[in-house]
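Student: Generate a structure from the sequence data that follows.
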Amino acid sequence: MSERPQTPLLDQIQRPSDLHSLSDEQLIHVAHELRAETISAVSETGGHLGAGLGVVELTVALHAVFDTPRDKLIWDVSHQCYPHKILTERRDRIRTLRQKDGLSGFTKRSESPYDPFGAAHSSTSISAALGFKVAADLGGDAGDAIAVIGDGAMSAGMAYEAMNNAGHLGKRLFVILNDNEMSIAPPVGALSSYLSRLYAEEPFQDLKSAAKGAVSLLPEPFREGAKRAKDLLKGMAVGGTLFEALGFSYLGPIDGHDLHQLLPVLRTVKSRAHGPVLIHVLTKKGKGYAPAEQARDKGHATAKFDVVTGKQKKTPSNAPSYTSVFAKGLLAEAAGDPKICAVTAAMPDGTGLNLFAERYPSRCFDVGIAEQHGVTFSAALAAGGMRPFCAMYSTFLQRGYDQVVHDVAIQGLPVRFAIDRAGLVGADGATHAGSFDTAFLSNLPGMVVMAAADEAELMHMVATAAAHDSGPIAFRYPRGEGVGVELPERGTPLEIGKGRIISEGSGVALLSFGTRMEEVRKAAEALSARGITPTIADARFAKPLDREMILDLAATHEALITIEEGAIGGFGSHVAQLLAEEGVFDTGLKYRSMVLPDMFIDHSAPSDMYATACLNAEQIEAKVLDTLGVSSITSARA
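Tutor: Predicted coordinates:
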């Protein structure tokens, strides 16, 4: 492990209020040390690195100017909040990030009063900030409200809904647009001096006008960044921008890594603003750490790494990831079908569609952080004769559920939903867990819902979805590596609504839906040593159910136990409904359903999270013994 950095000035900062007495030059030194401390900490824990490095100066400036936690500082998505956590009385725990019983990788209300609003999905910050401001005006918690939102998050409609409402209400509200896509370097010489004087001395209305003109002072190599900023804002002409049309005063763009610009601007708006203000700040993701700056994703998410080289310390795997297997299956299907296309919402790499985009760029669409639009866009693609695969994380698909119902299911359109990150996801915790998709999709008429038991099954389900033109179909698969089974070159379509028997046994049947299958196998091996040989079955489908297989298992076994990595209301509930309708419970069948518990499970290693959920092999074995009335310390034969 690399030696920890020397941070003499940062060591004196116990809480954000300690920044208030420092000079601007001292704050610059704090920012340098904060960046080094962030890099050092994440090298030991892994996590979201690039976003935090991009807002180090902004974090220092906000806490130096505003009075947190009285003033509510809300980080959109909040994967950039590690520097914020270091400054807000959590530095002593920063090396527990994303670990069991450690700090969350996102803002979390229960963790600190400096986290007024939890976030891990994007585009919620402006709505939350407005809510805090209105609450303060109505007699609730006092203080200003500041939302820090990235340019990517501004692609989601919710941000504009909030801004429209905020502009209408006219409340004093600060929105920092953290724009890390512009190509701009720190300005030098006359520009920096001019802006510093301008922001510190001019009246607020003059400040707005002059800030627009200041762009022309950029050196020639940096003007392209300003041009792109203008394009983003739909034209920065006299008479107002898009944001001003929504009722906001607009300032910017300014260099987000220059505290000589940031501090005067923030001090000015804090002392003089009356209504909503948007400050457009240009930053560089991964700023100050060459390996992150040079990485394709700017160091967005990393494993543990060596600080000197930036090389990540990933454990090698003998099996491909489920995401890459999905990509392989989709490419195989698309090679022979020009109607297959793919849609994702700002997650091309995370869903594996970056590989599809390389091969078929005209058939791959990244709609930005806009899941609602992505689902309806996919529905219209299907209505137009295409075969769209809408690839989203389970937790993000939740944001498009209304569109799944109204625009896809009611119209019976054959959209193929590829649901990544199904089940518990480890270090990202409860906000990213794919817990609910089986439940919220299986109750929709006409929807087909599948879950892969292993990576070969995933290949077959991609093929099944590609061939299914009679309505919507979804298949779910987890984060991480597969189990190492041999993969076909191309999947074979499955018969809709048909499961499979893995191994024949007696007494108890274990019916698995999804990738808990490996834990079911381990439990069965342990039970065999006790003289119990369960039947193992793979449901494959939560909807439609394999009625024949399930009823046969119920008729030929004393007990039937379903296992799934989803919340109550999913596969097991549908099986229970079937058994009740068919009067099976009247025969004395012992039925149990193992699901995720009725709780949000905090970040930890996936195996620890599944142990908490009682869905590992040991708990499956214990459930069988309890259901059969067999002591856990004696064998069945005894």
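
Student: Would you mark the buried spots in stretch 512-529?
Tutor: 512-517, 519-521, 523-524, 526-527 (16 or more other Cβ atoms under 10 Å). Yep, even glycine has a C-beta here, placed from its N, CA and C like the rest.

Student: among the residues you listed, which are in helices?
Tutor: Counting by DSSP state H, the buried residues of stretch 512-529 place 517, 519-521, 523-524, 526-527 in helices.

Student: thinking again about what came up before, can you put the buried residues of stretch 512-529 in a markdown table and add pLDDT and distance to I501?
Tutor: Below are these laid out as a markdown table (pLDDT from 0 to 100; distance: Cβ to Cβ, whole Å):
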| residue | pLDDT | distance to I501 |
| --- | --- | --- |
| S512 | 98 | 12 |
| F513 | 98 | 14 |
| G514 | 97 | 17 |
| T515 | 96 | 18 |
| R516 | 97 | 17 |
| M517 | 97 | 13 |
| E519 | 97 | 18 |
| V520 | 98 | 13 |
| R521 | 97 | 13 |
| A523 | 97 | 17 |
| A524 | 97 | 13 |
| A526 | 97 | 20 |
| L527 | 97 | 17 |
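
Student: Tell me the one of those residues nearest T562?
Tutor: F513 (6.8 Å; Cβ to Cβ).

Student: these two touch, right, the closest one and I563?
Tutor: Yes: with contacts counted by Cβ atoms under 8 Å, F513 reaches I563, the gap being 7.1 Å.

Student: now the closest residue in space to D608 that isn't next to it in sequence, what's its secondary structure?
Tutor: Take D608 and drop its neighbours on the chain: the residue closest to it by Cβ to Cβ, 6 or more residues apart in numbering is K100, 5.6 Å away. In the three-state summary, K100 is assigned as coil, counting by DSSP: H, G, I helix; E, B strand; the rest coil.

Student: for A580, same thing?
Tutor: At A580 the chain is in helix, as set by three-state DSSP.

Student: how close does it sit to D598?
Tutor: Using Cβ to Cβ, to the nearest Å, A580 is found at 21 Å from D598.

Student: Neighbour count: those two, which is higher?
Tutor: A580 (12 against 7; other Cβ atoms under 10 Å).

Student: Where does pLDDT dip in the protein?
Tutor: Counting by pLDDT under 70, the chain contains low-confidence ranges at 1-2, 181-241, 296-298, 631-638.

Student: Just give the number of residues close to R95.
Tutor: R95 has 16 neighbouring residues, counting by other Cβ under 10 Å.

Student: so who does the residue positioned nearest the centre of the chain touch?
Tutor: In the chain, the centroid-proximal residue (Cα atoms, centre = their mean) is H432; its distance is 5.2 Å. Residues in contact with H432 (Cβ atoms under 8 Å, 6 or more residues apart in numbering) are 120, 393, 395, 421, 425.

Student: mind putting the residues you listed in TSV, distance to P5 and neighbour count included?
Tutor: Formatted as TSV, these follow (distance: Cβ to Cβ, whole Å; neighbours: other Cβ atoms under 10 Å):
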residue	distance to P5	neighbour count
A120	28	19
Y393	34	25
T395	35	23
R421	34	28
V425	31	24
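
Student: Show me the two of the residues you listed that sit farthest apart.
Tutor: Greatest spatial distance in the contacts of H432: A120 and R421, 12.4 Å, computed using Cβ to Cβ.

Student: so E455 sits right up against G491, yeah?
Tutor: No: using Cβ under 8 Å, E455 is not in contact with G491, being 10.5 Å away.

Student: Show the residue spans covered by the helices in the stretch 301-450 of the chain.
Tutor: Applying DSSP state H, counting those that start in this stretch to the stretch 301-450 of the chain gives helices spanning 322-335, 353-359, 371-383, 394-397, 401-403, 437-442.

Student: Now tabulate these in JSON lines and tack on distance to H48.
Tutor: Below are those laid out as JSON lines (distance: least, Cβ to Cβ, whole Å):
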{"stretch": "helix 322-335", "distance to H48": "18"}
{"stretch": "helix 353-359", "distance to H48": "19"}
{"stretch": "helix 371-383", "distance to H48": "20"}
{"stretch": "helix 394-397", "distance to H48": "16"}
{"stretch": "helix 401-403", "distance to H48": "26"}
{"stretch": "helix 437-442", "distance to H48": "24"}
